[in-house]
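Peer 1: I would like to see how this sequence folds:
(chains A and B)
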Amino acid sequence: DTAVSQTPKYLVTQMGNDKSIKCEQNLGHDTMYWYKQDSKKFLKIMFSYNNKELIINETVPNRFSPKSPDKAHLNLHINSLELGDSAVYFCASSQGREETQYFGPGTRLLVL
Amino acid sequence: TQLLEQSPQFLSIQEGENLTVYCNSSSVFSSLQWYRQEPGEGPVLLVTVVTGGEVKKLKRLTFQFGDARKDSSLHITAAQTGDTGLYLCAGGDNTNAGKSTFGDGTTLTVKP
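Peer 2: Sure thing, here's the model as predicted:
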């Protein structure tokens, strides 16, 4: 069973479109995260939710809106996609805010 | 802003050689994690160190947390081709909702 899963794995879209990435964890964790990894492999946190409540919101354009319908899911919606949004987006989860994070396989987003 | 710098950024060695990767910061972290990421996959946790001066061994891998909890090192003995990957250190901050700051990564290639 996959612990942290993301869909889709690949996403190719045109500039200006709106798209969503979904993340689910079956580990029973109460904290979930979204990270962006750029072409230089730098991994930067975007958002963190604890029990469906937003606890970390880094300097991210408001075109990015996370939604946590329950503590096992954290989805990421992106409006008006731009070329610079092309990256690999990773979802992760942990038991608590300071515990080990388990990462999903990533979603490779390419904006044309 | 907390920053973690890893060195070297790229490392290419022959199988059987030893190597050390460094992770340095001017900030103090409550914990430090090392991850390995293989192409097309998410980062996978190798170890967490929490006490200044702590040394942990994982088979051929030795991890050390600096006494002041600002830096860490990863030493691999007798590298194998399976050690190839991107190594990421991440510092945990229990004063900031458990936010993890990732280093800029070290890409290791072990040639047969």
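Peer 1: now check the helix or strand of chain B with the lowest mean pLDDT, is it near chain A?
Peer 2: Taking mean pLDDT, DSSP states H and E as the measure, the helices and strands of chain B show their lowest mean at strand B:99-102, namely a mean of 84. Yes: using C-beta under 8 Å from any C-beta of the partner chain, we find that strand B:99-102 touches chain A at B:Lys99, B:Ser100, B:Thr101, B:Phe102. Where C-beta positions appear, they are placed from N, C-alpha and C, glycine not excepted.
Peer 1: Closest to chain A out of the residues you listed?
Peer 2: Closest to chain A out of the residues of strand B:99-102 next to chain A is B:Phe102 (4.2 Å), distances taken as C-beta to the nearest C-beta.
Peer 1: hang on, isn't the closest one packed against B:Gly92?
Peer 2: No: with contact taken as C-beta atoms under 8 Å, B:Phe102 and B:Gly92 are classed as non-touching, separated by 10.8 Å.
Peer 1: the helices in chain A, which residues?
Peer 2: Under the criterion DSSP state H, helices are not mapped anywhere in chain A.
Peer 1: Geometrically speaking, which residue is the centre of it?
Peer 2: Within chain A, one residue has its C-alpha closest to the average C-alpha position: by C-alpha atoms, centre = their mean, that is A:Trp34, at 3.3 Å.
Peer 1: mind listing what that residue touches?
Peer 2: Residues in contact with A:Trp34, defined by C-beta atoms under 8 Å, 6 or more residues apart in numbering or on different chains, are A:Cys23, A:Ile45, A:Met46, A:Phe47, A:Ser48, A:Pro66, A:Leu74, A:Leu76, A:Tyr89, A:Phe90, A:Cys91.
Peer 1: Spit out the contact partners of the second one.
Peer 2: Residues counted as contacts of A:Ile45 (C-beta under 8 Å, 6+ apart) are A:Tyr33, A:Trp34, A:Tyr35, A:Ile56, A:Glu58, B:Lys99, B:Ser100, B:Thr101, B:Phe102.
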